[in-house]
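In: predicted model follows, preceded by the sequence.
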Amino acid sequence: MRQLIIYSLLIGLFFSCKEKTNYQLRIFIKNETDTNLKLSLFPKAEYMNGSLYYFSENGNGFRHTDFEIAPDLEQDLYTTSDLKILPNELVEKVFNSIQISPTNGNEIALKFSPETVIGYTENLYKVTSDWIYELRNFDLQTQLSSHPVESHDYIFVISKDHYLE
């Protein structure tokens, strides 16, 4: 009987220590120009909290709607646990529109909305837009443990090759 209790405890301990993988889907904007880009996001009202927007349904908090992305870097815009949603559908669900301006002031501002795009050949709101898919695995660390994450990431690249004159 004693051995049965010990084996039961060991099995329970083994299964309780097993890390549970979290699954998420994120959308990004990547800057492949040679200048900083200023992004102005216009989230729908239900995603706003004052001047900040709720950038993750996974409880990660709020973020400013205006920020810059340096050349060759990317910034996540929103995170969801819905792995079946397409990136253009997620953009339309969360944002009314997105405006992107080069910080040097020499080029035109890009404006994206579900109905139209200004200054760019692709509209990130359309199913035909060119999103890059990457599967990324990483660990979220806390003081006591790490939590493995499988992230399905979609990246929309801003490149001068797609600017309209």
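Out: Sure thing, it's come through.
In: around Ile98, how many other residues sit close by?
Out: 22 (other Cβ atoms under 10 Å). Backbone N, C-alpha and C define where each C-beta goes, glycine included.
In: the longest strand seen in the chain - what's its average pLDDT?
Out: Secondary structure of the chain per DSSP state E: the longest strand is strand 146-158. Mean per-residue pLDDT for strand 146-158: 95.
In: pull up the pairing partners for it, direction included.
Out: Strand pairing for strand 146-158, determined by DSSP bridges: strand 22-31 (parallel), strand 131-141 (antiparallel).
In: winner for burial among those strands?
Out: strand 22-31 (a mean of 19; mean count of other Cβ atoms under 10 Å).
In: give the rounded mean pLDDT of the next helix or strand after it.
Out: Where DSSP states H and E defines the elements, the next helix or strand beyond strand 22-31 is strand 37-43. In this model, strand 37-43 carries a mean pLDDT of 97.
In: show the contacting residues for Ser101.
Out: With contacts defined as Cβ atoms under 8 Å, 6 or more residues apart in numbering, Ser101 is in contact with Leu37, Lys38, Ser40, Ala109, Leu110.
In: among the residues you listed, who's most crowded?
Out: Neighbour count (other Cβ under 10 Å) singles out Leu37 as the most crowded of the contacts of Ser101, with 24 neighbours.
In: show me what contacts that one?
Out: Per Cβ under 8 Å, 6+ apart, neighbours of Leu37: Ile29, Asn31, Glu68, Ile69, Ile100, Ser101, Pro102, Thr103, Ile158.
In: cool, thanks, talk later.
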